[in-house]
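Peer 1: the following block contains a protein sequence and its predicted model.
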Amino acid sequence: MPLPDHTKETIKSSLDSVTSNPSTGVSGLVFVAADKNGDVLAEHASGTKGLNTKEPMTLDTIFWIASCTKMLVGIACMQLVEQGKIPLDDHEALYKVCPELKEKQVLDENAKLVDRKGEITLRMLLNHTAGFGYTFFNHRLLEYSRPAGFDEFMGDREDIMDMPLVNQPGTAWEYGVSGIARLFSDW
């Protein structure tokens, strides 16, 4: 059901009031509301692309959303789990899609690579217990990454898959790359 024009105008006015007020610190934003069928109900680009630019925000402005990709992919994965298309706890099903995980090794406390003692599952990837880390949180991984040359922010799927685990799968929670967004781009 389409939104009335006065509702769309109220949305635009509200968004514009935020981006036109320097005290908010919000230079620009993009808003899109869609119904359950994917039909756009309202959309608006407001403000500029940065605090120090006059370049206007557009509906097709690209944003770096960093770890928000984990949330989006997590929702998509759980929808597929609900539909019975992917299992949460079957490591063999995961390895069919991500064979790189099968050979993943772990950095021990001395920053030496050791064999993995358990299997990795989708559940572990989703709840950050698969063993992945981030270089800025884990000193062993940072030291290992310097000569190895990977960078979780600048690389691609292959770079992430070159990263060792920092914990044995299922033994500890550590916020990390999980590889979830990149690993499941093919699922």
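Peer 2: Received, thanks. Residues are numbered from 1 along each chain as shown.

Peer 1: look at residue 61 and say how many residues are nearby.
Peer 2: Other residues near residue 61 number 13, with proximity taken as other Cβ atoms under 10 Å. Every C-beta, even on glycine, is put in place using the N, C-alpha and C of the backbone.

Peer 1: next one: residue 113
Peer 2: Count around residue 113 with other Cβ under 10 Å applied: 13.

Peer 1: now name the helix or strand holding residue 33.
Peer 2: With the criterion set as DSSP states H and E, the secondary-structure element containing residue 33 is strand 28-34.

Peer 1: residues contacting that strand, please?
Peer 2: Identification of contacts with strand 28-34 by Cβ atoms under 8 Å, 6 or more residues apart in numbering yields 3, 11, 15, 18-19, 40-50, 56-59, 61, 63.

Peer 1: for stretch 109-122, same thing?
Peer 2: For stretch 109-122, contacts defined as Cβ under 8 Å, 6+ apart pick out 77, 81, 86-91, 93-94, 101, 104-108, 130-131, 140, 143-144, 164-165, 168-171.

Peer 1: follow-up on the earlier one: pLDDT on the helix or strand following the strand holding residue 33, on average?
Peer 2: For strand 28-34, the succeeding helix or strand toward the C-terminus, using DSSP H and E, is strand 40-47. Mean per-residue pLDDT for strand 40-47: 96.

Peer 1: pLDDT value on the most centrally placed residue in the chain, please?
Peer 2: For the chain, residue 69 is the residue whose C-alpha lies nearest the centre (Cα atoms, centre = their mean; 2.4 Å). Reported pLDDT at residue 69 in the predicted model: 80.

Peer 1: so it, which of the three states?
Peer 2: Here residue 69 is helix, with the state taken from DSSP: H, G, I helix; E, B strand; the rest coil.

Peer 1: that one and residue 34, how far apart?
Peer 2: 19 Å (Cβ to Cβ, to the nearest Å).

Peer 1: can you give me the helices in this structure?
Peer 2: Listed in chain order, the helices of the chain (DSSP state H) span residues 5-19, 68-82, 91-97, 122-126, 139-148, 157-162, 180-183.

Peer 1: and the second one, what does it pack against?
Peer 2: Packed against helix 68-82 by the contact rule (3 or more Cβ pairs under 8 Å, 6 or more residues apart in numbering; DSSP states H and E) you find helix 122-126, helix 180-183.

Peer 1: mean pLDDT lowest where, among those?
Peer 2: Per-stretch mean pLDDT for the helices and strands packed on helix 68-82 is lowest at helix 180-183 (a mean of 56).

Peer 1: contacting residues for residue 16?
Peer 2: The contact partners of residue 16, taken as Cβ under 8 Å, 6+ apart, are 46, 47.

Peer 1: again with the one 10 residues further on
Peer 2: For residue 26, the contact set (Cβ under 8 Å, 6+ apart) comprises 18, 19, 47.

Peer 1: can I get these in a markdown table including neighbour count and distance to residue 25?
Peer 2: Written out in a markdown table, the entries for those read as follows (neighbours: other Cβ atoms under 10 Å; distance: Cβ to Cβ, whole Å):
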| residue | neighbour count | distance to residue 25 |
| --- | --- | --- |
| 18 | 15 | 10 |
| 19 | 17 | 10 |
| 47 | 20 | 11 |
